[in-house]
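# A predicted structure for the sequence below; I have some questions about it.
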Amino acid sequence: MPDAPYRRQLFVCTYGAWCKIDGSDQVRQALKDEVKAAGLDAEIRVTKSGCFGQCGHGPMAVMWPENVWYHKLTVQDVPALVEHVRTGRPAERLRYVPASPGSNKTPEVKAKEAEKGKTVE
């Protein structure tokens, strides 16, 4: 079986309103820039992602293959994520550990969705 093309892949939610409003596009671009500047672009792929179902906790990212979830990211957090790539050790202060599997949207997000007539999970 051939090796994977990248050692790690970092998926950044850039879908919908919630993560985008909180700056996910800027976080993703800063990650891409930092990974390239560190010479790690052959080892890690920074990828746009759809919704993780955790609206209101963003911007969010997930590091694979470790399945480490990050939340409330800012551009200032990018070096800590790149350090995860270098060392394999997660940035504990940024980790997202939901209370339960599945959708964990914040009450504020659920209320706004209900106001608009959307199905609330």
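Perfect, thanks for sending it.
# could you check the pLDDT of the closest residue to Glu43 other than its chain neighbours?
Sequence neighbours aside, Arg7 is the residue nearest to Glu43 in space, at 4.5 Å (criterion: CB to CB, 6 or more residues apart in numbering). To be clear about C-beta, it is placed using only N, CA and C from the backbone, and glycine gets the same treatment. Arg7 is assigned 88 on the pLDDT scale.
# what does Glu121 give?
Reported pLDDT at Glu121 in the predicted model: 48.
# over to Lys118?
For Lys118, the pLDDT comes out at 63.
# who touches the residue nearest to Glu43 in this structure?
Counting by CB atoms under 8 Å, 6 or more residues apart in numbering, Arg7 touches Glu43, Ile44, Val85.
# can you redo those residues as CSV with pLDDT and neighbour count?
Listed next are the contacts of Arg7 as CSV, based on pLDDT from 0 to 100; neighbours: other CB atoms under 10 Å:
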residue, pLDDT, neighbour count
Glu43, 89, 14
Ile44, 91, 24
Val85, 86, 19
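# looking at those residues, which is nearest Thr14?
Checking the contacts of Arg7 against Thr14 with CB to CB, the nearest one is Ile44 at 16.9 Å.
# so that closest one bridges to which residues?
Ile44 has these beta-bridge partners by DSSP bridges: Arg8.
# roughly how far apart are it and Lys36?
Using CB to CB, to the nearest Å, we find Ile44 at a distance of 10 Å from Lys36.
# the closest residue to Lys72 other than its chain neighbours: which element?
Using CB to CB, 6+ apart and skipping the chain neighbours, the partner closest in space to Lys72 is His57 (6.6 Å). Counting by DSSP states H and E, no helix or strand carries His57.
# do you know how far His57 is from Ser24?
The gap separating His57 from Ser24 is 11 Å, by CB to CB.
# got the residue ranges for the strands in this protein?
Counting by DSSP state E, the chain has strands at residues 8-13, 44-49, 61-64, 68-70.
# export those strands as TSV, with columns for distance to Glu115.
Shown next, in TSV, are the strands of the chain (distance: least, CB to CB, whole Å):
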stretch	distance to Glu115
strand 8-13	22
strand 44-49	26
strand 61-64	28
strand 68-70	28
